[in-house]
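Trainee: Sequence plus predicted model, see below.
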Amino acid sequence: MKRLLKYLRGYEKETALAPLGKLCEATLELIVPLIIAAIIDRGIANGDRGYTVLMSLLLMLLGAVGLGFSVVAQYFAAKASVGFITATRRAMFTRLETLSYADADSLGTSTMITRMTADATKLQTGVNLTLRLLLRSPFVVFGAMIMALIIDVEAGLSFALVIPLLSVVVFGIMLVSMPLYKKVQGGVDKILSRTRDNLSGVRCVRAFGKEERETIKFREENATLTAAQNRVGRISALMNPLTYVIINLGIVLLIYTGALRVDSGELTQGEVIALYNYMSQILVELIKLANLIITISRALASGSRIADVLELQSSQKFGEREVGVNPECAVQLKSASLRYGRASEDSLSGISLSAMRGETVGIIGGTGSGKSSLVNLIPRLYDATGGEVLIEGSPIPEFSKEALTRKIGIVPQRATLFAGSVGDNMRIGARGATDEEINEALLAAQALDFVNEKGGLSAEIEAGGRNLSGGQKQRLTIARALVKKPEILILDDSASALDYATDARLRRAISDFSKDMTVFIVSQRAASVMHADKILVLDDGHAVAEGTHKELLGSSEVYREIYETQFGEGASE
Amino acid sequence: MKNRKMLTRVLKYIGRYKYLLPLSLLMALISTALTLYVPILIGEAIDAAVGAGRVDFAIITDRLLLSILLIGITALATWIMSAINNRIAYRVSEDIRNEAFVKIESLPLSYIDTTPHGEIVNRIINDTDRFAEGLLLGFTQVFTGVLTIVGTLVFMLVLCWQIALVVVLLTPLSIFIAKFIGTRTFNMFKARSECEAEAASLIDEMLTGQKTVRAFGYEDRATERFDEVSGRLERTTLDAIFFSSLTNPTTRFVNSMVYAATALVGALIVIASGGDGALLTIGEFSVLLSYTNQYTKPFNEISGIFAEFQNALASAGRVLDLIEEPSEQSDEGFTEIENCEGDITLSDVSFSYSKEKPLIEGLNLDVKKGQTVAIVGPTGCGKTTFINLLMRFYDVDSGKIELDGKDIRTLTRHSLRTSYGMVLQDTWLFSGTVRENIAFSRPEATDEEIVAAARAAHAHSFIKRLEGGYDTHLGEGGEGLSQGQKQLICIARVMLCLPPMLILDEATSSIDTRTEMRIQRAFSEMTEGRTSFIVAHRLSTVRDADVILVMRDGKIVESGTHEDLLLKGGFYSELYNSQFAH
């Protein structure tokens, strides 16, 4: 929590005034029983109507002033907590946006989203309540005890008995039941995930005829959940009766000792009633405090998850270089290897490859052979865990992030588009691009026709490109990379949803788009790479062959096999 | 009227515990009455302590001892009541969840395909909870609340009708204020949740697309967009939180006004009754003061509970609607398939998902045992629908499908479906280990059989490389695996049980052609003599099929072997040749 305190900066005044306002309000509440005692002991005892009216008006005044304090406190608490969470959330967002691929992988998208939304909301509520209540409740509890002791030490002693007992019961029940609630939540998560699985996999469940088996499992998990609920229910059901008993026995004790003190003339009847009133106030506040502590402990957990995100340091450091020492040698890999996160084996090992400016390099291989891993090294989306990657003859870490982003355009395997117009999406990598430039790129990416059909650059794209087909999305992501006119273009299996004819037109258009552009084409299709200047064949993370289409047909068994499975046996002869 | 009908539906579930309910109400009655009565005893004890030397200990001891007894009884009654309520609430939700799940397993596919899954899950989990807790606990809370109000009023009237009048006249004010603030803040909360939704979808989009953001250097502009939404969210949240948080202070303020009025009126009446307390004693006065505090509480609670009660009824409606959805026709009375041969005949089959858009019309097909049938064609031509009909996920509108000469509508769904081994393009993996996922088709399979199936599906080598091998835990939907790897696991699943017929619906679309070829070899070895249907858009996959059906707009436009169709020079050869275009 300490790690987050700096985001309260600018709200110091509110942070201090909110609890203060609450304290003032609580103090006024503590005065009420004294006034009632005064009414009884002076107003009623002396039959003084004027005094009684005066005191009653004072009660109303206290109520009004209390309202004033409270409103001010609520406002400051709301302002500080909302301002705090806005600042925190912004810090999180900028941090998450700049994470490297490897860091983003290890964190996971759903975790990022939960922290930005659910955790942030919990933290905000926690801060708000803390500012309002954390000081108030203990203040009322102990204030009541102190007031009681001031009225009469001996009679007030029953408070010293009741408060610890109540605390033990309230906090004890809370402590015992909290882990049990977690178990209940675990049980809910289980049946939730089974329900979801059975809905998404309804065809599989029925095709394999496993309805009954799944139902039995669900019943078991459901029964476990009910048992967990019952366990925690039994414990928390003790809260009300136990606290009731303690408070009321305390009152009985109070009245009895009070009566003794009245008899000896050391206490008035009004004061006994005041003590009685204080006793009644304690319970409400203690229970509020217990609930508050639950909320705060949840908020703290959220807070520390958020602080963890904020402390993530990007594992990549960038240099300042803008241009490499040898611009002709666009990309060079020197026995580069890559191992992801906690994987036990390399996904790429010892790859060497060089691409001169203007060359087209094809990369082909089976599922999981390391094709994407290889091209992800070129824009430094991942850092090689062994060997070296050179851009224009200079080591890649020397380049500035901006230079790499500007030079290299990548079209990822999974086409991601943002909600907004086609034009907005096209300008993601090139803010100032003109409509002509965009249309040019769309034309090359074979996307101009359908974009125009949908209404041109202002056509709306729904979140995630839901209103587009897979092939349309792919063509738009290709156009998006072309708009920024990169020196190096990487197509990572980005034409897989296109039919062969469109794919062929696309490749021709791209090579016409810019003669100087170095192009990497990753594909499972031999047809997509066979015209490249150079083809690298990957198998299981290793480079097994390199050469032109003709050379590889003669020299590489893997390549020939891929080719023949797609073009028919004997096609290579 | 609608609510009453709802209640009778709901009562069906509570009915199983109908003996417990009156007991719970009785306990509520006892605990409320005693809770109100104990302060009166305390008041009488206080009255017995007038001043120095004027304390009647006989009365005090008597009242206090009685109080202790009643306190004990109250606590016991309260405990029994909550124990019973919990029991009913949890049991009822367990029953409802079980029924709802059974319903999911038997709902027609058309329902599941057209209803968002999040909505169904929400009904089973959240609505059931809200229903059980809101309705049952809410019910007893309303009951005790009303009892408390009525009881307090009665006691007050008995003690002092003037004060009762003051309280009755003034308390509605706090309810009125709470309502006023509630309706005023409603719009603020609406504005806030709109901003919240907007912020959430931006966050979702930018974080899901984080890699794209990074690759294109879009971070700064993403932050600009975020700041804009975030600023609006800050303003609307502040409004909503602040104004709604005024409810408590203002009702507290009204209550303190009522309290002050009670003090004033009460004290004046005590004074008027002189020293003997003929109209009102000091003890009674203090009881009235504490009643005043208590009296307003259930009012504020009840208005909240009432809203919850309404919500609970709405929730109950949603979950019961689900349970009362018609199921797929039951298997009872239909024939079990024995020794399935695998001859399939379609005669004049027509089908469409909606009347406006006819899909399959007049489809005829004769497949002999052991044949491999490939279905190709452009997206939306009805390939997957064809599979839906074979498996009876949907029933034909007209015409019939026969298996071994029997109309499949006369066979049990269970035996029909388990006669097919099916792999779909939309891979389905559940949260569990790799081993559990493969063994789904045959839970009793040994480890050796599972590994053998994985080997046949060419999945063994990548599974071995996972961090925990076959015991690697997969997240929901197989998180952490590539699409191709997921397909391999699904294929291994079918390899493990090998039913008499096979359906592969784009089963290898994300697997490279080389691996695919090998898997197909393994399949054809194992499917010797089994009828199989292969749907594919990749034509290399289907070349060796016995019959290739070319579909277009719900009709079979061409059929024959690969060579026949190429010679014919029709739609198929057009599709096939397009892949060689340079």
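Mentor: Yep, that arrived.

Trainee: what's the pLDDT at residue B:275?
Mentor: pLDDT recorded at residue B:275 is 66.

Trainee: Around chain B, which positions in the stretch 251-400 of chain A sit nearby?
Mentor: Neighbours of chain B within the stretch 251-400 of chain A, by CB under 8 Å from any CB of the partner chain: A:251-252, A:255-256, A:258-260, A:262-265, A:268-270, A:272-273, A:276-277, A:280, A:342-345, A:365-369, A:379, A:381. Placement of C-beta: from N, CA and C, glycine included.

Trainee: Which members of those are positioned in helices?
Mentor: Judged by DSSP state H, helices contain the following of these: A:251-252, A:255-256, A:258-260, A:262-263, A:269-270, A:272-273, A:276-277, A:280.

Trainee: Report the buried members of those.
Mentor: Buried by 16 or more other CB atoms under 10 Å in any protein chain shown: A:251-252, A:255-256, A:258-260, A:262-263, A:269-270, A:272-273, A:276-277, A:280, out of these.

Trainee: ok so, going back, need the max-distance pair from the ones in helices among the residues of the stretch 251-400 of chain A next to chain B.
Mentor: Greatest spacing in those, by CB to CB: A:263 and A:280 (23.7 Å).

Trainee: Show me what the top helix by length along chain B packs onto, helices and strands only.
Mentor: Secondary structure of chain B read by DSSP H shows that its longest helix is helix B:57-106. Helix B:57-106 is packed against helix A:153-200, helix A:211-236, helix A:239-263, helix B:2-14, helix B:20-47, helix B:128-130, helix B:282-323, with contacts defined by 3 or more CB pairs under 8 Å, 6 or more residues apart in numbering or on different chains; DSSP states H and E.

Trainee: continuing past that helix, what's the next helix or strand?
Mentor: Per DSSP states H and E, helix B:57-106 leads on to helix B:109-114 as the next helix or strand towards the C-terminus.

Trainee: What segments of chain B are strands?
Mentor: B:344-351, B:360-367, B:372-376, B:398-403, B:406-407, B:420-424, B:432-433, B:473-474, B:501-505, B:531-535, B:547-552, B:555-560 (DSSP state E).

Trainee: Can you give me the domain boundaries for chain A?
Mentor: A:1-151+A:295-313, A:153-266, A:331-567 (automatic domain parsing).

Trainee: Put together JSON lines for those, with mean pLDDT on each row.
Mentor: Listed next are these as JSON lines, based on pLDDT from 0 to 100:
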{"stretch": "domain A:1-151+A:295-313", "mean pLDDT": "89"}
{"stretch": "domain A:153-266", "mean pLDDT": "89"}
{"stretch": "domain A:331-567", "mean pLDDT": "87"}
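
Trainee: Dump those domains into TSV; add distance to residue B:86 as well.
Mentor: Shown next, in TSV, are the domains of chain A (distance: least, CB to CB, whole Å):
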stretch	distance to residue B:86
domain A:1-151+A:295-313	22
domain A:153-266	4
domain A:331-567	42
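
Trainee: Out of these, which gets nearest to residue B:64?
Mentor: domain A:153-266 (5.0 Å).

Trainee: roughly how far is the closest one from the heart of the chain?
Mentor: Remark: domain A:153-266 is offset 29 Å from the chain centroid, using CA atoms, centre = their mean, to the nearest Å.

Trainee: cool, stretch A:68-83 as well?
Mentor: On the basis of CA atoms, centre = their mean, stretch A:68-83 sits 27 Å off its chain's mean C-alpha point.

Trainee: and of the helices and strands packed on helix B:57-106, who's closest to residue A:285?
Mentor: helix A:153-200 (10.2 Å).

Trainee: is it true that residue B:66 touches residue B:44?
Mentor: No. Using CB atoms under 8 Å, residue B:66 makes no contact with residue B:44, being 9.7 Å away.

Trainee: Those two: which is more packed in?
Mentor: residue B:44 (20 against 15; other CB atoms under 10 Å in any protein chain shown).

Trainee: before we move on, back to that, next, format the helices and strands packed on helix B:57-106 as a markdown table and append distance to residue A:494.
Mentor: Formatted as a markdown table, the helices and strands packed on helix B:57-106 follow (distance: least, CB to CB, whole Å):
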| stretch | distance to residue A:494 |
| --- | --- |
| helix A:153-200 | 27 |
| helix A:211-236 | 39 |
| helix A:239-263 | 60 |
| helix B:2-14 | 54 |
| helix B:20-47 | 64 |
| helix B:128-130 | 45 |
| helix B:282-323 | 42 |
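
Trainee: dump the residue contacts of the residue in the stretch 51-200 of chain B positioned nearest to chain A.
Mentor: Distances between the stretch 51-200 of chain B and chain A by CB to the nearest CB are smallest at residue B:52, namely 3.0 Å. When contacts are counted by CB atoms under 8 Å, 6 or more residues apart in numbering or on different chains, residue B:52 touches A:262, A:263, A:264, A:265.

Trainee: and the stretch 351-500 of chain B, which of its residues are near chain A?
Mentor: B:379, B:391, B:393, B:413-415, B:417-418, B:420-422, B:424, B:428, B:430-431, B:440-441, B:443, B:462, B:465, B:467, B:476-477, B:482, B:484-485, B:497.

Trainee: Buried members of those residues into ChimeraX, please.
Mentor: To isolate the buried members of these in ChimeraX, using 16+ other CB under 10 Å:
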select /B:391,393,413,414,415,417,418,420,421,422,424,428,430,431,440,441,462,477,482,484,485,497
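
Trainee: Restricted to helices, list the residues of the stretch 351-500 of chain B next to chain A.
Mentor: B:413, B:414, B:415, B:417, B:418, B:462, B:465, B:484, B:485, B:497.

Trainee: Would you mind confirming that the second one is in contact with residue A:210?
Mentor: Spelled out, it's residue B:414. No. Residue B:414 is not in contact with residue A:210 according to CB under 8 Å; the separation is 10.1 Å.

Trainee: wait, which of the contacts of residue B:52 is closest to chain B?
Mentor: Checking the contacts of residue B:52 against chain B by CB to the nearest CB gives residue A:265 as the nearest, at 3.0 Å.

Trainee: Provide a list of residues in contact with the closest one.
Mentor: Listed by CB under 8 Å, 6+ apart, the contact set of residue A:265 reads B:51, B:52, B:53.

Trainee: Could you check how far the last one is from residue A:40?
Mentor: So the one you mean is residue B:53. Look at residue B:53 and residue A:40: by CB to CB, to the nearest Å, they are 19 Å apart.

Trainee: quick one: which of those two has more around it?
Mentor: More crowded of residue B:53 and residue A:40, by other CB under 10 Å: residue A:40, with 27 against 9.
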